[in-house]
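Participant: Predicted model and sequence follow; I will ask about them next.
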Amino acid sequence: MSEPRHHIPEPLLVEYTVGALDEAVSLFVATHLSLCAGCRGRMRELEVLGGALLEETPAKGDLDVDAGLQALLGCLDETPSASARSRPPPTDETLARIPEPLRSYVPLDASGRIDWAVKLPGLGQIQLPVKHKGYGVVINMLGGGLSVPKHTHDGMEYNLVLTGGFTDRDRDFVRGDASVAGPDLVHELSIHRGEPCLLLAVMEKPLIPMSTVAKVLSRILPV
Amino acid sequence: MESPSDVACLEAIASRRDREAFGVLYRRFAPRVRAYLLRRNADAATATDVTQDVMLTIWRKADSYDSSRASAASWVFTIARNRYIDRIRRQRRPEPEPEESVVPSDRAPDREVDAARRHAEVRDAIAELPREQRDLIFMAYMEGRSQSDIASAMGLPLGTVKSRFRLAMKKLRERVASPEGEEFRS
């Protein structure tokens, strides 16, 4: 599989590495990393830096090291409670194309399938339960050949292509490609023909749900 | 330094549950991990509690440490960061899970040396940074602050913080980059 061509910007990768991001944005970064060996390498370099800085951190004098060590030596033999979090292999073929860690966030119906909310012909959407009020996290399924007229976003928007692809004003985005856009950026998407484009969208500060839905619907028109 | 290296300690824990080696690591890292947690705004009691948790995780997961991939300090850093997110921010930390699992790195001695060498180089590179850039990198890493956050804390324009940060990262990257191995190419 070819490597993605649109990557995580360096400052965002630093924020992910140091643990400064909210879970929603971390999910976007981590899922790109699952598909991009280059960015994983860059992250590992940043972690080396984290280790070096940890060593440089002056130790605070108010920790009783001996007492702390003694206390801990007493619990070393306890066996940790197993943290089993394994799901059976996906039965839904769309789910199978969604990489981890994102896949584990996708809510499934009783038969193990993704329960798409159909917003319009050619536009399905599923909301992901990410515990953070400042962000909306959805996966959009956009039909091949769809076009999305010019629009901007109300806050930062983080997009990651999971399947298919689109062209946004001359730039092509396919599986694994990430885009980070501020509110001032104008988008105009044409979804590539062929398989539907599955697109992770993490949106900062969504508006009241109903009006957002209405705005999205007014933008997206099947051709 | 006469005491055993961090890597040797981790290997002793992994292979024979060596408590003495754990004691060495504890004395070396617990005070720093706690200082890190305090810098990230944990109160004193929580910082102590989470530090114990981090050190216990090191004991339990020592066998998953791969010295050809990461220096011991950077492995400890990632554990401290993850426990911070879990215990103090109370969020999950999504981690990458590559699909086409690359052949697991063989623990070749030369790669081990490479990880240790890169670690030493980065330390030197940090020491050589101008003060203003070093402070910035420290605030980003040890306090987990975003660039805009740092700009307002230091009373600097965001553009200045961004360009200093870029400059510092460029210097550090030149030292940390590994010439071989796909995983390290950007």
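Facilitator: Sure thing, it's come through. Numbers count the residues shown, from 1 in each chain, chains lettered A, B, ... in the order given.
Participant: Count residues in the vicinity of B:A14, would you?
Facilitator: 16 (other C-beta atoms under 10 Å in any protein chain shown). Glycine gets a C-beta too; all of them are placed from N, C-alpha and C.
Participant: my guess is it meets B:D63, correct?
Facilitator: Yes. Applying C-beta atoms under 8 Å as the test, B:A14 and B:D63 come out as touching, 4.0 Å apart.
Participant: tell me the mean pLDDT over the helix or strand hosting A:R42?
Facilitator: Using DSSP states H and E, A:R42 maps to helix A:37-56. Helix A:37-56 carries an average pLDDT of 91.
Participant: One more: stretch B:172-186?
Facilitator: For stretch B:172-186, the mean confidence score works out to 57.
Participant: Where does the prediction get shaky in chain B?
Facilitator: Along chain B, the model assigns pLDDT under 70 to residues B:1-2, B:100-113, B:177-186.
Participant: What segments of it are helices?
Facilitator: B:6-16, B:19-39, B:44-61, B:72-83, B:109-128, B:131-142, B:147-154, B:158-176 (DSSP state H).
Participant: what does chain A give?
Facilitator: A:10-18, A:23-35, A:37-56, A:65-73, A:93-96, A:209-219.
Participant: Of all these, which one is nearest B:G144?
Facilitator: For B:G144, the closest of the helices of chain A is helix A:10-18, at 4.9 Å, according to C-beta to C-beta.
Participant: Return the list of helices and strands in contact with that closest one.
Facilitator: helix A:23-35, helix A:37-56, helix B:131-142, helix B:158-176 (3 or more C-beta pairs under 8 Å, 6 or more residues apart in numbering or on different chains; DSSP states H and E).
Participant: ok now that helix, how far from the chain's centre?
Facilitator: Averaged C-alpha coordinates place helix A:10-18 at 14 Å from its chain's average position (C-alpha atoms, centre = their mean, to the nearest Å).
Participant: Give me the contact list for that helix.
Facilitator: Outside helix A:10-18, the residues within contact range by C-beta atoms under 8 Å, 6 or more residues apart in numbering or on different chains are A:8, A:21, A:25-26, A:29-30, A:39, A:42-43, A:46-47, A:50, A:180, B:81, B:140-141, B:144, B:146-147, B:162, B:165-166, B:169.
Participant: low-scoring pLDDT stretches of chain A, where are they?
Facilitator: Looking at chain A by pLDDT under 70, you get A:1, A:61, A:82-87, A:206-223.
Participant: In chain A, which residue is most central in space?
Facilitator: A:F28 (1.8 Å; C-alpha atoms, centre = their mean).
Participant: and it, what does it touch?
Facilitator: A:158, A:160, A:178, A:200, A:202 are the contacts of A:F28 under C-beta under 8 Å, 6+ apart.
Participant: Switch those over to TSV; also include neighbour count and distance to chain B.
Facilitator: Converted to TSV, the contacts of A:F28 look like this (neighbours: other C-beta atoms under 10 Å in any protein chain shown; distance: C-beta to the nearest C-beta, whole Å):
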residue	neighbour count	distance to chain B
A:Y158	23	13
A:L160	28	12
A:A178	25	13
A:L200	23	12
A:V202	26	11
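Participant: picking up where we left off before, and the helices and strands packed on helix A:10-18 as CSV, adding distance to B:E20?
Facilitator: Formatted as CSV, the helices and strands packed on helix A:10-18 follow (distance: least, C-beta to C-beta, whole Å):
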stretch, distance to B:E20
helix A:23-35, 37
helix A:37-56, 21
helix B:131-142, 29
helix B:158-176, 32
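Participant: Pick the most buried one from those helices.
Facilitator: helix A:23-35 (a mean of 24; mean count of other C-beta atoms under 10 Å in any protein chain shown).
Participant: Tell me how far that helix lies from the chain's centre.
Facilitator: The mean C-alpha position of helix A:23-35 is separated from the chain mean by 4 Å, C-alpha atoms, centre = their mean.
Participant: now do stretch A:18-27
Facilitator: On C-alpha atoms, centre = their mean, the centre of stretch A:18-27 falls 9 Å from that of its chain.
Participant: now stretch A:123-143
Facilitator: Stretch A:123-143 sits 10 Å away from the centroid of its parent chain (C-alpha atoms, centre = their mean).
Participant: With stretch B:134-145 instead?
Facilitator: When C-alpha coordinates are averaged (C-alpha atoms, centre = their mean), stretch B:134-145 and its chain have centres 13 Å apart.
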